[in-house]
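Give the three-dimensional model of this entry:
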Amino acid sequence: MSGVPIILVTGFLGAGKTTLINALLQAGHGRRIAAIVNDFGSINIDAEILAEANDEVIGLKNGCICCSLQGDLLRTLKTVLTRKPQPDAIVIEASGVADPRGIVEALLDPVIWQSANLDSVLCVVDAEDVSDGPERLADELWLAQLGAADFVFLAKTSRLEAAAISDLRAALALQTKRLIFDPDREGLPLDVLLAPFADRQRDPPAAPSPATRAFRFETFEWRCRSAVTMAAFQAAIGRLAPDLVRAKGFLRFDEQPGRRFLFQMVGSRASVSPAADHSGEAGCSLVLIGERTRFDPEKTRHILDSLSAGGSKRS
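Take a look at the predicted model:
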């Protein structure tokens with residue numbers, strides 16, 4: 001099994017990071033999520049849902065655990081990862097005054113990577129703040145937080161007119177090419193955030209909001225019965241990447257017989273790392289997600305099927 005996936009949430013002071021994390025923790029997705037936050041008390045979870053408390057780590061009835069980010073990140077992660085049962089995913093809230101690039105570098109440390117893998121970086125943007133004060137668009141720290149993100153989440157949009165949100169999206173588009181979400185109006189995009197964790201899922205997740213599933217995203221699953229060549233796979237993903245939001249799966253390569261690898265892609269980051277081989281499956285399997293307006297499943301199937309002529313199938 002691959003390491004526990006980590007979602008890093010960044011954003012300026014007061015942007016709405018804790019609100020987003022709280023919403024993710026309480027969504028009916030069926031995963032056990034650990035939240036490492038700067039101030040446990042700031043997560044607005046009613047006291048009656050707390051099941052137990054032990055020092056900094058809090059166990060919740062809904063399967064979440066919250067831990068105060070105090071001291072060394074590696075020590076805090078170790079505390080969370082020693083919980084039994086182990087979490088399915090970990091959400092880390094970065095400080096509002098922190099450049100997340102330092103945390104990203106720390107999470108890519110080989111020691112951490114053995115147990116937990118950085119999956120995606122989310123930047124929460126206070127829509128009211130940026131709309132009222134466009135000077136934020138020139139703030140170096142804010143730009144660093146935005147630049148480190150794989151996805152951008154707008155917060156506090158409910159009181160803004162549609163035209164103001166459209167202008168904000170246009171302004172952000174000048175700063176980043178990342179996918180922009182508006183949870184207040186569209187709901188949490190669980191398809192994008194949690195779908196690649198399906199191999200860790202125990203209970204069926206609640207269906208994402210109709211608007212998210214029906215109109216915005218398309219999920220495509222692909223399997224082939226044989227190994228593929230590294231060069232061919234790299235070329236195929238290079239062709240598909242511009243239309244993908246994210247992708248994840250297990251691969252076998254002709255150049256590495258007998259070994260299994262985990263492939264992950266989110267935003268502009270992609271990685272291939274060794275994976276435990278307990279499945280007994282001889283081939284490859286991938287889950288790919290894209291926006292319906294750009295993502296073409298049939299084109300994707302054709303490109304991926306060409307990796308192993310006659311040995312692949314669509315799920």
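
I'd like the mean pLDDT over the helix or strand containing residue 248, please.
Element membership for residue 248, per DSSP states H and E: strand 246-251. For strand 246-251, mean pLDDT rounds to 87.

That strand: partners in the sheet, and parallel or antiparallel?
strand 260-266 (antiparallel), strand 284-291 (antiparallel) (DSSP bridges).

List the contacts of that strand.
120, 192, 196, 222, 227-228, 233, 237, 240, 260-267, 272, 275, 279, 281, 284-289 (CB atoms under 8 Å, 6 or more residues apart in numbering). In short, each C-beta sits where N, CA and C put it, glycine included.

run the last query once more with 7 Å
Contacts with strand 246-251, where a contact means CB atoms under 7 Å, 6 or more residues apart in numbering, come from 192, 196, 228, 233, 260-266, 275, 284-289.

swap in stretch 217-234?
With CB under 7 Å, 6+ apart, stretch 217-234 has contacts from 191-192, 195, 245, 251-255, 282-292, 295, 297, 300-301, 304, 307-308, 311-315.

What of stretch 262-274?
Counting by CB under 7 Å, 6+ apart, 2, 119-120, 150-151, 178, 237, 244, 246-251, 259, 261, 275 sit against stretch 262-274.

ok, 6 Å please
2, 120, 150, 246-249, 251, 261, 275 (CB atoms under 6 Å, 6 or more residues apart in numbering).

That one: how far from the chain's middle?
12 Å (CA atoms, centre = their mean, to the nearest Å).

now swap in stretch 119-133 and tell me
The chain centre lies 17 Å from the centre of stretch 119-133; the measure is CA atoms, centre = their mean.

Buried ones in it, by neighbour count?
Using 16 or more other CB atoms under 10 Å as the test for burial, stretch 119-133 gives 119-131.

Over to stretch 286-294?
Using 16+ other CB under 10 Å as the burial criterion, the residues of stretch 286-294 that qualify are 286-290.

Name the nearest of those residues relative to residue 12.
Using CB to CB, residue 289 comes nearest to residue 12 of the buried residues of stretch 286-294, at 27.8 Å.

Quick check, pLDDT for the closest one.
85.

State the next helix or strand along the chain beyond the helix or strand containing residue 152.
Using DSSP H and E, residue 152 maps to strand 151-155. Downstream of strand 151-155, the next assigned helix or strand under DSSP H and E is helix 162-175.

what's that next one in contact with?
Under CB under 6 Å, 6+ apart, the answer for helix 162-175 is 127, 130-131, 146, 157, 180.

which ones among those residues are found in strands?
Among the contacts of helix 162-175, the ones falling in strands (DSSP state E) are residue 180.

least confident pick among the contacts of helix 162-175?
residue 131 (80).

that older thread, would TSV of the strands paired with strand 246-251 with distance to residue 97 be doable?
Converted to TSV, the strands paired with strand 246-251 look like this (distance: least, CB to CB, whole Å):
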stretch	distance to residue 97
strand 260-266	25
strand 284-291	32
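
Which one of those lies nearest to residue 27?
Once the strands paired with strand 246-251 are compared by CB to CB, strand 284-291 is nearest, at 17.3 Å.

how far does that closest one sit from the chain's center?
That offset, for strand 284-291, works out to 14 Å (CA atoms, centre = their mean).

Would you mind giving the domain segments of the protein?
Per the record, the chain has its domains at 4-200, 210-314, by automatic domain parsing.

Give me the residues contacting stretch 126-144.
So stretch 126-144 is contacted by 12, 15, 99, 154-157, 160, 164, 168 (CB under 6 Å, 6+ apart).

can you rerun that using 10 Å?
For stretch 126-144, the external contacting residues (CB atoms under 10 Å, 6 or more residues apart in numbering) are 10-17, 96-102, 123, 125, 145-146, 153-161, 164-165, 167-169, 171-172, 174-176, 182, 184.

If you go by neighbour count, which of those residues are buried?
10-12, 15-17, 96, 99-100, 123, 125, 145-146, 153-157, 160, 164-165, 168, 172, 176, 182, 184.

circling back to that earlier point, okay if I get the contacts of helix 162-175 as CSV plus distance to residue 216?
Formatted as CSV, the contacts of helix 162-175 follow (distance: CB to CB, whole Å):
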residue, distance to residue 216
127, 19
130, 23
131, 23
146, 21
157, 16
180, 11
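
For residue 305, give its distance to residue 293.
Residue 305 sits at a distance of 23 Å from residue 293 (criterion: CB to CB, to the nearest Å).

how about the strand or helix carrying residue 235: buried residues?
Here residue 235, judged by DSSP H and E, is contained in helix 230-240. Under the neighbour-count criterion of 16+ other CB under 10 Å, helix 230-240 has 233, 236-237, 240 buried.
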